[in-house]
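Novice: I need the structure of the sequence given here:
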Amino acid sequence: MKAVAERLKTLRDGIKLSQLKLAKIVGASQVSINRYENDVSSPTLETLLWYADYFDVSLDWIFGRTDKPQGKLYDYQPKYIEEKARNNEELKLFIEMCFDPSSPMNEKLKQSLLEMVERGKTE
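Specialist: As a prediction, the model looks like this:
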């Protein structure tokens, strides 16, 4: 289905992952991801469920039955973004450098920002 192919590509592009990187995460080949996104072949039901869980979207959205990716009951927080925020050492280093160590608020501000990053709530 063309709608499924477009939605799968949109999900991957949305977090700026290459087909190869996504293939490694999902446990498939890059060729398979390419074929799904170009509507050459259809992913298995297990693969579609993996996409829905990993990107935290509904299967109705993947199938083009709704334009609301989250559905009614979702709090949209893709696992990739949570993992990225938790493991982003460069961002933590940047935060360290942003504050003057001699400032009395230094430690409190730094801790608050690090907590926000770790929770993925850097809105």
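Novice: all helices of the protein, in order?
Specialist: Under the criterion DSSP state H, the chain carries helices at the ranges 2-14, 19-26, 30-37, 45-55, 59-62, 79-86, 89-98, 106-119.
Novice: what does the shortest one rub up against?
Specialist: By C-beta atoms under 8 Å, 6 or more residues apart in numbering, the residues outside helix 59-62 that reach it are 4, 7-8, 48-49, 51-52, 66-71. Any C-beta I mention is one placed from the backbone N, CA and C, and that applies to glycine too.
Novice: run the last query once more with 10 Å
Specialist: 1, 3-4, 6-8, 10-11, 43, 45, 48-49, 51-52, 55, 65-71, 74 (C-beta atoms under 10 Å, 6 or more residues apart in numbering).
Novice: in that helix, what counts as buried?
Specialist: 61-62 (16 or more other C-beta atoms under 10 Å).
Novice: go on, the longest one?
Specialist: If you call a residue buried by 16+ other C-beta under 10 Å, then helix 106-119 has these buried ones: 110, 113, 117.
Novice: so what's residue 7 closest to, chain neighbours aside?
Specialist: Among residues not flanking residue 7 along the chain, residue 62 sits closest, at 4.9 Å (C-beta to C-beta, 6 or more residues apart in numbering).
Novice: For stretch 3-22, which residues meet the burial criterion?
Specialist: 4-5, 7-9, 11-12, 17, 19, 22.
Novice: OK, contacts around the nearest residue to residue 34 once chain neighbours are set aside?
Specialist: In space, residue 34 comes closest to residue 19 once its chain neighbours are excluded; the distance is 5.6 Å by C-beta to C-beta, 6+ apart. Contact analysis of residue 19 by C-beta under 10 Å, 6+ apart lists 9, 12, 28-34, 36-37.
Novice: so who does residue 38 touch?
Specialist: Residue 38 touches 2, 5, 8-9, counting by C-beta under 10 Å, 6+ apart.
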